[in-house]
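Q: only geometry, no sequence info:
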Ligand SMILES: Cc1cc2nc3c(=O)[nH]c(=O)nc-3n(C[C@H](O)[C@H](O)[C@H](O)COP(=O)(O)OP(=O)(O)OC[C@H]3O[C@@H](n4cnc5c(N)ncnc54)[C@H](O)[C@@H]3O)c2cc1C
Ligand SMILES: Nc1ncnc2c1ncn2[C@@H]1O[C@H](COP(=O)(O)O)[C@@H](O)[C@H]1O
């Protein structure tokens, strides 16, 4: 079985708010020196999902695919050190922000160039754009079925069975391969890179393609980012005085009662 | 730059849960009516349900034209996508509104790509400006907002709950009703099983008071303590993602970017640090109380009232105080 996992490099989503700034002239997040970019967390969990399938079926091949600047090699290295087998970078210039449509279209071209696959995994959403569009978009372009928000994936012969998270519950859905699945955090924590795979990583096949290798068509953006900004916080926290828990509790309850909130 | 100036109609994708229209549908109708006023079009609604009461409610809430599924209902994404795409094409809808939840987030990209339109997900408001539909998106884990102009119609937009007041109901309104038939033959997957959580107690989305716990609770026992306070207050119980991921509580209790968006009058965050991804789901609460041992926890930047302290000591005292007040 051949699994392609789509991964994206993002600014660390858990960066402290004080270190998160936006350049208003370019509508882009300012890279903070010394703060590494990371693999988008759901994509890391998508690799984990693929590795669990490989644990069960060792003849599974996992290819990780990313569109990004040269720095995105780091996330590919990370994926290979977790246990993925091959990596492909579609190299675009640093600072180019692709919209979801263009990203899906590029991934489509890249998947066509890869040739054959049984399963494509993506994250439920990227941790920078928080869009959740590219996975299903890619499936549409490839004309394959898509199942979103997976918390468990099992391949049984030519079928894949997915437990997915829905509002207030879950569903079990079955479809035939090839298919695309987007992975949610409920799938569980991703494994850490291990020594054996890390040592082998530099010898695993890694390719670098450029836009010109994929498509001659100019990319038409359908979404135009007019403005990116940090919303202002207007709240002022009133810390309750009181030297004991009993005193604080009494202050709080009285305050809430006075405000008719309880 | 301006788009073309002909009038543009808006299609709302209605959602039915337990035989009733979901609250988000009424918010979408209210947004759609505003957009339609600006774009000069009509408001349509598509609903995968054939109850007459549903259609009446949709019209009363602002829909001019209802498309309802008259044959047996389906939850299959391919079946629903095909029906929506067909309805858009047949009736020249130029903006499509979904709720930003599991239902809408799953379908919206499919519809956008298959209709060769454009898409903005995770929006907290929408507008029609200079001939284009525009969405204000939550991004970078809730730390930023992006204003996105959709340059190609149909413009597909998913809207977070709490983005608009629900549409007012006017039972005197009239509307056109068109039955549609879903084509089951387009389904490529099969639903094997569906588990709905038994929604004991109050629903997070509609509760006036919500008390939520995070990693600071230290374990599932902490949620028992929260429940005892919740009972006293008539509150629903929520959680941070970490608490859900650790298995201390049910995933459906998650509040935040990828969990529920709530706008209670009172939100009490206990042992929650206040990460932007969490606050994306609750920052709009009218009053936020934070209980945290760390005076520098970011939650205090969003809170109105803060208590620096250990929840294990505070909550029992709070229960006592409420008891005293009520007696
Ligand atoms: C892509 C992405 C999406 C995400 N989506 C969501 C989401 O939808 N919802 C969500 O919640 N998170 C989400 N997260 C996770 C988020 O970034 C934070 O990691 C998470 O919200 C932190 O949970 P927490 O506050 O419970 O834990 P922590 O950040 O560990 O905070 C625990 C807090 O408890 C306090 N504490 C400890 N002991 C006590 C005590 N005895 N009494 C009182 N206080 C105490 C500590 O001081 C600390 O502030 C997402 C993350 C990513 C990367
Ligand atoms: N530049 C990219 N390269 C590879 N995969 C991507 C890229 N952007 C998005 N994806 C995939 O699509 C998913 C959803 O992204 P988004 O639609 O941006 O939220 C991500 O979790 C990735 O799996």
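A: Arrived safely, thanks for sending. On a predicted model such as this, the values are computed, not experimentally measured, just so you know. Numbers count the residues shown, from 1 in each chain, chains lettered A, B, ... in the order given. Ligands and ions are numbered 1, 2, ... in the order given.

Q: find the closest residue to ligand 1 in the stretch 51-200 of chain A.
A: Proximity of the stretch 51-200 of chain A to ligand 1 (Cβ to the nearest ligand atom) peaks at residue A:127, 4.0 Å away. Where you see a C-beta, it was placed from the backbone N, CA and C, and this is true even at glycine.

Q: part of a strand, is that residue?
A: No: Residue A:127: not assigned to a strand; according to DSSP: H, G, I helix; E, B strand; the rest coil it is coil.

Q: so it touches residue A:9, yeah?
A: No: using Cβ atoms under 8 Å, residue A:127 makes no contact with residue A:9, being 10.2 Å away.

Q: joint contacts of the two?
A: Listed contacts common to residue A:127 and residue A:9 are residue A:40; contacts here mean Cβ atoms under 8 Å, 6 or more residues apart in numbering or on different chains.

Q: so what does the residue of the stretch 51-200 of chain A closest to ligand 1 look like in phi/psi?
A: Main-chain torsions, residue A:127, degrees, to the nearest 10: phi -80, psi 0.

Q: does the residue nearest to it when sequence neighbours are not counted sit in a helix, a strand or a coil?
A: Closest residue in space to residue A:127, ignoring its immediate chain neighbours: residue A:13 at 4.0 Å, by Cβ to Cβ, 6 or more residues apart in numbering or on different chains. Assigned with three-state DSSP, residue A:13 falls in the coil class.

Q: how near is residue A:13 to residue B:257?
A: 10 Å (Cβ to Cβ, to the nearest Å).

Q: what stretches of chain B score poorly on pLDDT?
A: For chain B, the stretches with pLDDT under 70 are B:1-5, B:198-201.

Q: how does it divide into domains?
A: Listed domain ranges for chain B are B:8-186, B:209-326 (source: automatic domain parsing).

Q: export these to a markdown table and append columns for mean neighbour count and distance to residue A:254.
A: As requested, the domains of chain B are arranged in a markdown table below (neighbours: other Cβ atoms under 10 Å in any protein chain shown; distance: least, Cβ to Cβ, whole Å):
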| stretch | mean neighbour count | distance to residue A:254 |
| --- | --- | --- |
| domain B:8-186 | 21 | 29 |
| domain B:209-326 | 21 | 8 |
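
Q: turn those domains into TSV, including distance to residue A:139.
A: What follows is the domains of chain B, written out as TSV (distance: least, Cβ to Cβ, whole Å):
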stretch	distance to residue A:139
domain B:8-186	8
domain B:209-326	20
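
Q: report the contact partners of the residue nearest to residue A:127.
A: By Cβ under 8 Å, 6+ apart, residue A:13 lies in contact with A:38, A:40, A:41, A:127, A:128, B:140, B:141, B:277.

Q: can you tell me which residues contact whatever residue of the stretch 201-327 of chain B ends up closest to chain A?
A: The minimum distance from the stretch 201-327 of chain B to chain A, using Cβ to the nearest Cβ, falls at residue B:317 (3.5 Å). Contacts for residue B:317 (Cβ under 8 Å, 6+ apart) come out as A:245, A:246, A:248, A:249, A:250.

Q: so which of those also contact ligand 2?
A: Applying Cβ under 6 Å from any ligand atom, the subset of the contacts of residue B:317 adjacent to ligand 2 is empty.

Q: by neighbours, which of the residues you listed wins?
A: residue A:249 (25 neighbours; other Cβ atoms under 10 Å in any protein chain shown).

Q: ok so, going back, and the residue nearest to residue A:127, how far from ligand 1?
A: The gap separating residue A:13 from ligand 1 is 4 Å, by Cβ to the nearest ligand atom, to the nearest Å.

Q: which residue is the nearest non-sequential neighbour of residue A:26?
A: Residue A:26's closest residue in space is residue A:95 (Cβ to Cβ, 6+ apart), at 7.8 Å.

Q: specify the local secondary structure of the one you found.
A: At residue A:95 the chain is in coil, as set by three-state DSSP.
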